[in-house]
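Peer 1: Can you look at this prediction? I've put the sequence above it.
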Amino acid sequence: MDPIEALDEISFWLERSQAPTFKVQAFRKAADAVRQLQPEELAKLVNSGRITSLKGVGSRSAEVITQAMENSVPDYLADLRTRGTEALASGGDTMRAALRGDLHSHSNWSDGGSPIEAMVAAARTLGREYLALTDHSPNLTIANGLSVERLEKQLGVVEGINSSQDGFRLLKGIEVDILEDGTLDQTADMLDKLDVVVASVHSKLRSDKKTMTARMLGGISDPHTNVLGHCTGRLVQGSRGTRPESEFDAAKVFKECAEWGVAVEINSRPERQDPPDDLIKLALDAGCLFSIDSDAHAPGQLDFLQYGAERAETLGVPKERIVTTWPLEQLKEWLSLKK
């Protein structure tokens, strides 16, 4: 098989299983190194046993490249494929089967680890019908948030990708910061050009309840907002440690979400599991719509939707109230209501 495809697929399976970042990056770097070579150059290095002389290629990736060049599935990849047949979540099969898309993902244009094209390829492999590209907004400098100029350029890339797709749609989007005054961290003109706007709070998460509630209500009431992202900002596990939930008037926030037609995100990242169960139930009682999203920052993480599907099904969220189960045309009609 193609050695680059083998290395990329290995990275996918490792990301999906939440392997350490350094391990994933080792295979990504090896794939990038091989991409720089002509086929005959690669063959010469492999045949001479000097493939590890290529910067970024270690012993394990060299073994993968060599076996792939021998027209066989590398042993390491075959093992990962076998383990990958096991579901990530222990339940939620019915809901998972109903999911058609994902409205929250990141590329290497902001703080994701992979090109847009790689995210699209993985989404298609997983059977998605649509994916929203929602890189960060300018205020989040730590995540390389997109300025107006960079976002405008990205929209052109998205259009180019869509021109070559059949049966799949990459939606133009953003994860926009809800600033301290409740406004959104991007110009209205730019937000008008997007299909999907996920509005999230990323700073001063320990603000008092009154302040945080007012801030969130400002973001929700903005006519551009489609989805309220990871509403509590909590972290329950993972390399970044843990972080408590933000304090806000959840009843008031979810009431406004229902009235403004803003979907409450069920964030599927294992370290977030946001909102917690009690708030999902509160949003359900308030009449809210939901969006089960991966918040993927790498191709393999797109399959994290399994975790969100499991939680939604366990908590009795009807699939008809989950916008990411809707066919693309129905989703686009809902999104257009905010234009």
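Peer 2: Nice, I can see it.
Peer 1: Which parts of the stretch 201-339 of the chain are strands?
Peer 2: 227-228, 263-267, 290-293 (DSSP state E, counting those that start in this stretch).
Peer 1: What helices and strands are in contact with the last one?
Peer 2: For strand 290-293, the contact count by 3 or more C-beta pairs under 8 Å, 6 or more residues apart in numbering; DSSP states H and E identifies strand 263-267, helix 305-314 as packing neighbours. Any C-beta I mention is one placed from the backbone N, CA and C, and that applies to glycine too.
Peer 1: Tell me which of the ones you listed sits most buried.
Peer 2: strand 263-267 (a mean of 27; mean count of other C-beta atoms under 10 Å).
Peer 1: quick one: average pLDDT of it?
Peer 2: Averaged across strand 263-267, pLDDT comes to 98.
Peer 1: which residues of the protein score low on pLDDT?
Peer 2: Within the chain, the segments meeting pLDDT under 70 span 339.
Peer 1: biggest strand in it by residues?
Peer 2: Longest strand of the chain, by residue count under DSSP state E: strand 169-177.
Peer 1: helices or strands next to that one in the packing?
Peer 2: Using 3+ C-beta pairs under 8 Å, 6+ apart: strand 169-177 touches strand 130-133, helix 148-162, strand 196-200.
Peer 1: In JSON lines: these, plus mean neighbour count and distance to Gln237.
Peer 2: Converted to JSON lines, those look like this (neighbours: other C-beta atoms under 10 Å; distance: least, C-beta to C-beta, whole Å):
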{"stretch": "strand 130-133", "mean neighbour count": "26", "distance to Gln237": "25"}
{"stretch": "helix 148-162", "mean neighbour count": "15", "distance to Gln237": "31"}
{"stretch": "strand 196-200", "mean neighbour count": "27", "distance to Gln237": "20"}
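Peer 1: wait, which of these is closest to Thr21?
Peer 2: strand 130-133 (21.5 Å; C-beta to C-beta).
Peer 1: can you list the residues that contact that closest one?
Peer 2: Outside strand 130-133, the residues that touch it by C-beta atoms under 8 Å, 6 or more residues apart in numbering are 100-107, 116, 119-120, 123, 154, 158, 168-173, 195-196, 198, 302, 328, 331.
Peer 1: Which of those are buried? Put it as a PyMOL command.
Peer 2: In PyMOL, this line selects whichever of the contacts of strand 130-133 come out buried by 16 or more other C-beta atoms under 10 Å:
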select buried, resi 100+101+102+103+104+105+106+107+116+119+120+123+154+158+168+169+170+171+172+173+195+196+198+302+331
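Peer 1: tell me which residues in the helix or strand where Thr66 lies are buried?
Peer 2: Secondary structure assignment for Thr66, by DSSP states H and E: helix 59-69. For helix 59-69, the buried set under the neighbour-count rule, 16+ other C-beta under 10 Å, comprises Ser61, Ala62, Val64, Ile65, Thr66, Gln67, Ala68, Met69.
Peer 1: in the chain, what residue sits furthest out from the centroid?
Peer 2: No residue in the chain sits farther from the centre than Ser48, which is 40.8 Å out by C-alpha atoms, centre = their mean.
Peer 1: Would you mind measuring from that one to Ala62?
Peer 2: In this view, Ser48 and Ala62 are 12 Å apart by C-beta to C-beta, to the nearest Å.
Peer 1: And for Glu313?
Peer 2: 43 Å.
Peer 1: residues near Lys23, how many?
Peer 2: By the criterion of other C-beta atoms under 10 Å, Lys23 has 14 neighbours.
Peer 1: ditto for His224
Peer 2: Number of residues near His224 (other C-beta under 10 Å) recorded here: 19.
Peer 1: Torsion angles phi and psi at the closest residue to Ser200 other than its chain neighbours?
Peer 2: Of all residues not flanking Ser200 in the chain, Gly229 sits nearest, at 3.4 Å (C-beta to C-beta, 6 or more residues apart in numbering). Here is the backbone geometry of Gly229 (degrees, to the nearest 10): phi -80, psi 150.
Peer 1: isn't Gly229 right next to Glu175, touching?
Peer 2: Yes: assessed by C-beta atoms under 8 Å, Gly229 is found in contact with Glu175 at 6.0 Å.
Peer 1: shared neighbours, these two?
Peer 2: Shared contacts of Gly229 and Glu175, defined by C-beta under 8 Å, 6+ apart, comprise His104, Val198, Ala199, Ser200.
Peer 1: how about TSV for the strands of the stretch 201-339 of the chain, with distance to Leu217 added?
Peer 2: Formatted as TSV, the strands of the stretch 201-339 of the chain follow (distance: least, C-beta to C-beta, whole Å):
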stretch	distance to Leu217
strand 227-228	10
strand 263-267	14
strand 290-293	19
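Peer 1: which stretch among those comes nearest Pro275?
Peer 2: Per C-beta to C-beta, nearest to Pro275 of those: strand 263-267, 6.9 Å.
Peer 1: contacting residues around Pro318?
Peer 2: By C-beta under 8 Å, 6+ apart, no residues touch Pro318.
Peer 1: for Asp195, same thing?
Peer 2: Under the criterion of C-beta under 8 Å, 6+ apart, the contact list for Asp195 reads Ala132, Leu171, Lys172, Gly173, Lys332, Leu335.
Peer 1: Thanks a lot, see you next time.
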